[in-house]
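K.L.:
Structure for the following, please:
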Amino acid sequence: MMDIDDSKAPLLEHLIELRGRLLKCVWALFLTGAVCFYFSEQLFAFLVHPLKEAFGDGGGRLVYTKLYEAFFVQVKVAIFGAFCLSFPIIANQLWAFVAPGLYAKEKKALLPFLVMTPVLFLMGASLAYYVVMPTAFHFFLQFQGNSGGLQVEALPSTDAYLTLVMQFILAFGISFLMPVLLMLLNRAGFVTRAQLIGLRRYMIVAAFVVAAVLTPPDVVSQLMLAIPLLLLYEITIVAIWFTDRRKVVETDVTDTSDAPM
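P.N.:
Numbers count the residues shown, from 1 in each chain. So this is what the prediction gives:
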């Protein structure tokens, strides 16, 4: 009979390995968080640049209404920066834990998705920072001026502004991961290209619903998220067509090589 302790050994080894990799992820977050907190003022200056450009030279300011707000804004900036900087390390540790249990063919299939995930997230975050945020801030600041005989001035708080910036970056970054999710579902056999084509009309509605939920309640921001989502959906359908065609070619080649001479 198999010894009970021996049967549990592989599980214990996996748990010990998982604990070690989780500790590495925690240390990565802690160290990058400490570095980001040290440079929190520079990081916040980078994040506040689109608002500064929208206000123009010599205009605009940020305020804080609670005594502790400015400090906790720096903490939030450090945490946000730590997650962004440590993401490659966390993804690498996750891959190192999962990879030994995969076949070589499965590793080859999943590796492109692992590489494309940070690339697509960075593309979405860049679109939010360099295009969407400046456009939206210019739109919001147009409401300054005289209203009913009173001067209307935008005085955003530091915490509210940081929350809005993180909302923009995370919304666009995560939304841009949709092609990875759809391609993985297609590889797993849950979704076919024909089904995605049939769901196109529902995707149009879903894109605007997602944009309405994840972005501020203005039409400009919502359109700037919904339209790229629809374009990414169409690009994913085309990419699945190429992968399906390659599968057919590889199957034909295998069948030809296995045929009797």
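K.L.:
Tell me where the stretch 151-261 of the chain has helices.
P.N.:
Ranges of helices in the stretch 151-261 of the chain, per DSSP state H, counting those that start in this stretch, are 158-175, 178-187, 193-198, 200-214, 219-258.
K.L.:
Throw those helices into CSV and include mean pLDDT and mean neighbour count, thanks.
P.N.:
The C-beta positions use only the backbone N, C-alpha and C, and glycine is treated the same way. Output for the helices of the stretch 151-261 of the chain, formatted as CSV (pLDDT from 0 to 100; neighbours: other C-beta atoms under 10 Å):
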stretch, mean pLDDT, mean neighbour count
helix 158-175, 91, 19
helix 178-187, 87, 17
helix 193-198, 91, 13
helix 200-214, 91, 15
helix 219-258, 80, 14
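K.L.:
any chance of those in JSON lines, plus distance to residue 98?
P.N.:
What follows is those, written out as JSON lines (distance: least, C-beta to C-beta, whole Å):
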{"stretch": "helix 158-175", "distance to residue 98": "21"}
{"stretch": "helix 178-187", "distance to residue 98": "13"}
{"stretch": "helix 193-198", "distance to residue 98": "27"}
{"stretch": "helix 200-214", "distance to residue 98": "28"}
{"stretch": "helix 219-258", "distance to residue 98": "22"}
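K.L.:
and of the ones you listed, who's closest to residue 135?
P.N.:
helix 219-258 (6.0 Å; C-beta to C-beta).
K.L.:
got the angle for that closest one vs helix 178-187?
P.N.:
Put simply, helix 219-258 runs at 30 degrees to helix 178-187, going by axes from the mean of the first three to the mean of the last three C-alpha atoms, to 10 degrees.
K.L.:
Quick one: list the elements packing against helix 219-258.
P.N.:
Applying 3 or more C-beta pairs under 8 Å, 6 or more residues apart in numbering; DSSP states H and E, one finds that helix 219-258 contacts helix 104-127, helix 133-141, helix 158-175, helix 178-187, helix 193-198, helix 200-214.
K.L.:
export the ones you listed to TSV and tack on distance to residue 35?
P.N.:
Formatted as TSV, those follow (distance: least, C-beta to C-beta, whole Å):
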stretch	distance to residue 35
helix 104-127	19
helix 133-141	25
helix 158-175	18
helix 178-187	28
helix 193-198	42
helix 200-214	29
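K.L.:
Quick one: closest of those to residue 56.
P.N.:
Of all the helices and strands packed on helix 219-258, helix 133-141 sits nearest to residue 56, with 8.9 Å by C-beta to C-beta.
K.L.:
tilt between the closest one and helix 104-127?
P.N.:
40 degrees.
K.L.:
can you pull the buried residues of helix 133-141?
P.N.:
133, 136-137, 140-141 (16 or more other C-beta atoms under 10 Å).
K.L.:
Also stretch 83-92?
P.N.:
Residues of stretch 83-92 classed as buried: 84-87, 89-90 (neighbour count, 16+ other C-beta under 10 Å).
K.L.:
Kindly report the same for stretch 44-55.
P.N.:
For stretch 44-55, burial by neighbour count (16+ other C-beta under 10 Å) applies to 44, 47-48, 50-51, 54-55.
K.L.:
Tell me how far residue 20 lies from residue 102.
P.N.:
20 Å (C-beta to C-beta, to the nearest Å).
K.L.:
same thing with residue 28?
P.N.:
Relative to residue 102, residue 28 is positioned 23 Å away (C-beta to C-beta).
K.L.:
what does residue 228 give?
P.N.:
32 Å.
K.L.:
looking only at pLDDT, what's the mean for stretch 12-24?
P.N.:
When pLDDT is averaged along stretch 12-24, the result is 85.
K.L.:
For that stretch, list the C-alpha coordinates in CSV.
P.N.:
Coordinates of each C-alpha in stretch 12-24 appear next as CSV, following Å, rounded to 0.1, in the frame of the first residue of the first chain:
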residue,chain,number,x,y,z
LEU,A,12,3.1,19.8,0.3
GLU,A,13,5.9,20.5,-2.2
HIS,A,14,3.5,22.5,-4.4
LEU,A,15,2.1,24.4,-1.4
ILE,A,16,5.7,25.2,-0.2
GLU,A,17,6.6,26.4,-3.7
LEU,A,18,3.4,28.5,-3.9
ARG,A,19,4.2,30.1,-0.5
GLY,A,20,7.7,30.9,-1.7
ARG,A,21,6.4,32.5,-4.9
LEU,A,22,3.7,34.5,-3.0
LEU,A,23,6.4,35.8,-0.7
LYS,A,24,8.4,36.9,-3.7
